[in-house]
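Trainee: sequence plus the predicted model coming up.
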Amino acid sequence: MNDKDLNIVWVCTQCSQNFLFYSDIQDHKASTGHSRIYKFDLLSGRMIDKIEMS
């Protein structure tokens with residue numbers, strides 16, 4: 001993990017749950033089936049990426 005990773009938050013668009021680690025997103029998908037995730041920069045509040053997990 002590097003310092004830039006601490007400025008990222010992942011948000012599930014299906015239930016609005018927030019995550020700080022990618023491994024948590026993978027666990028969330030496995031337990032809920034949710035697959036639409038947005039990646040945000042905490043400092044700017046801007047969306048960095050939309051992820052559709054398969």
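Mentor: On my side now, so go ahead. Residues are numbered from 1 along each chain as shown.
Trainee: tell me the centre residue of this protein?
Mentor: Nearest to the geometric centre of the chain sits Trp10, at 2.0 Å (Cα atoms, centre = their mean).
Trainee: got phi/psi on Gly33?
Mentor: phi 80, psi 0 (degrees, to the nearest 10).
Trainee: ok, it - contacts?
Mentor: Not one residue lies near Gly33 by Cβ atoms under 8 Å, 6 or more residues apart in numbering. Bear in mind the C-beta positions are built from the backbone N, C-alpha and C, glycine included.
Trainee: let's verify the nearest residue to Gln17 once chain neighbours are set aside: helix, strand, or coil?
Mentor: In space, and not counting its chain neighbours, Gln17 is closest to His28: 6.7 Å by Cβ to Cβ, 6 or more residues apart in numbering. Following DSSP: H, G, I helix; E, B strand; the rest coil, His28 is assigned to helix.
Trainee: hmm, the residue nearest to the centre of the chain is touching Asp27, no?
Mentor: No - at 11.8 Å, Trp10 does not count as touching Asp27 under the criterion of Cβ atoms under 8 Å.
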